[in-house]
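Peer 1: coordinates only, no sequence provided:
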């Protein structure tokens with residue numbers, strides 16, 4: 001049997017799991033099948049790779065040698081594959097662009113502006129609740145650009161591999177049923193919402209923790225949070241089952257209003273990311289400009305956001321910053 005990359009991945013998985021049982025679960029295999037596979041790999045390499053004991057498995061000297069090489073080979077092959085994909089996308093797909101994003105009003109606006117700016121350009125999209133997943137797709141060359149959000153000053157995902165520019169910074173608003181007692185206010189204090197149930201879309205950033213911290217500073221703990229899709233969030237707000245958190249650019253619908261929270265305890269940064277080795281600087285600049293325009297259009301469509309922006313305040317809000325994010 002010749003050694004293959006999948007064999008090295010199996011060895012690495014066993015070492016990281018520390019037991020065949022846990023490794024089998026991680027690999028989606030039955031333990032007997034994994035044990036059989038390991039024996040074939042050991043025969044091909046000339047000796048046992050792991051010592052088995054009550055506490056699990058421990059790499060032998062031969063196993064440590066193989067693992068040391070695997071830790072070099074596997075990342076190198078993965079990087080080669082990603083570079084090849086990026087190269088192919090850059091040179092073979094000049095008339096196509098794939099943009100990934102988390103759910104929100106800006107992705108559709110960006111796609112519309114890109115398609116309108118170049119009639120021959122084919123724009124496709126991919127969405128996910130996970131900002132990290134979208135960034136990973138860009139790193140792997142499966143997406144050209146990522147349009148995501150980050151809470152407050154949280155760093156963007158991607159491990160420093162991607163280039164990021166800040167499209168805009170928005171306050172987080174609250175969604176209320178139009179018959180809610182606080183709906184007539186120009187701004188709502190977070191403390192006045194103590195005792196309410198909340199609804200929000202899921203994500204893998206720090207927003208949930210930041211929200212909990214903001215509530216604690218306001219002197220209460222949320223009664224409960226429904227994490228669900230955007231349409232369900234809106235429905236729960238409309239029927240008075242919950243109040244919702246949303247970006248200031250979120251469009252209002254019949255039966256609900258959006259209102260700013262006093263002193264803006266939560267903020268949301270819109271970020272555009274790409275791999276600098278895959279996208280020409282001119283293209284990245286053009287897509288960024290279109291993302292900024294999409295944000296400006298979305299902001300202008302929100303009466304509550306427009307009114308909020310006209311009030312005196314400190315640092316500029318809602319404007320395209322162009323800031324590069326490390």
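Peer 2: Thanks, I have it. Keep in mind that this is a model prediction, so the values were computed, not measured.
Peer 1: residues contacting residue 308?
Peer 2: By C-beta atoms under 8 Å, 6 or more residues apart in numbering, the contact list for residue 308 reads 171, 187, 248, 260, 317. To be clear about C-beta, it is placed using only N, CA and C from the backbone, and glycine gets the same treatment.
Peer 1: most neighbours among these, which one?
Peer 2: Among the contacts of residue 308, residue 248 has the most neighbours (other C-beta atoms under 10 Å), with 25 neighbours.
Peer 1: shouldn't that residue be in contact with residue 305?
Peer 2: Yes: using C-beta atoms under 8 Å, residue 248 is in contact with residue 305, at 4.4 Å.
Peer 1: what's the overlap in contacts for those two?
Peer 2: Common neighbours of residue 248 and residue 305 are listed as 170, 173, 258, 260, 299, 318 (criterion: C-beta under 8 Å, 6+ apart).
Peer 1: which residues does the most centrally placed residue in the chain contact?
Peer 2: Nearest residue to the geometric centre of the chain (C-alpha atoms, centre = their mean): residue 131, 0.2 Å. Applying C-beta under 8 Å, 6+ apart, we find residue 131 in contact with 102, 148, 149, 150, 156, 157, 203, 204, 205.
Peer 1: can you pull out the strands in the chain?
Peer 2: Remark: strands assigned in the chain by DSSP state E are 50-53, 56-59, 96-101, 122-127, 145-151, 163-177, 197-200, 224-227, 243-247, 256-260, 267-274, 324-325.
Peer 1: can you list these in CSV and add distance to residue 286 and mean pLDDT?
Peer 2: Formatted as CSV, the strands of the chain follow (distance: least, C-beta to C-beta, whole Å; pLDDT from 0 to 100):
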stretch, distance to residue 286, mean pLDDT
strand 50-53, 53, 89
strand 56-59, 51, 90
strand 96-101, 10, 92
strand 122-127, 13, 92
strand 145-151, 11, 92
strand 163-177, 12, 95
strand 197-200, 33, 96
strand 224-227, 35, 94
strand 243-247, 24, 94
strand 256-260, 31, 96
strand 267-274, 11, 94
strand 324-325, 16, 74
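Peer 1: distance to residue 287 for these - can I get that in CSV?
Peer 2: Converted to CSV, the strands of the chain look like this (distance: least, C-beta to C-beta, whole Å):
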stretch, distance to residue 287
strand 50-53, 49
strand 56-59, 46
strand 96-101, 8
strand 122-127, 10
strand 145-151, 6
strand 163-177, 10
strand 197-200, 28
strand 224-227, 30
strand 243-247, 20
strand 256-260, 28
strand 267-274, 7
strand 324-325, 15
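Peer 1: so which of those is nearest residue 18?
Peer 2: Taking C-beta to C-beta, strand 56-59 is the member of the strands of the chain nearest to residue 18, at 4.4 Å.
Peer 1: outside of that closest one, which residues touch it?
Peer 2: Contacts of strand 56-59 (C-beta under 8 Å, 6+ apart): 14, 15, 18, 19, 20, 22, 49, 50, 51, 67.
Peer 1: pairing partners for it, with directions?
Peer 2: Here strand 56-59 is paired, per DSSP bridges, with strand 50-53 (antiparallel).
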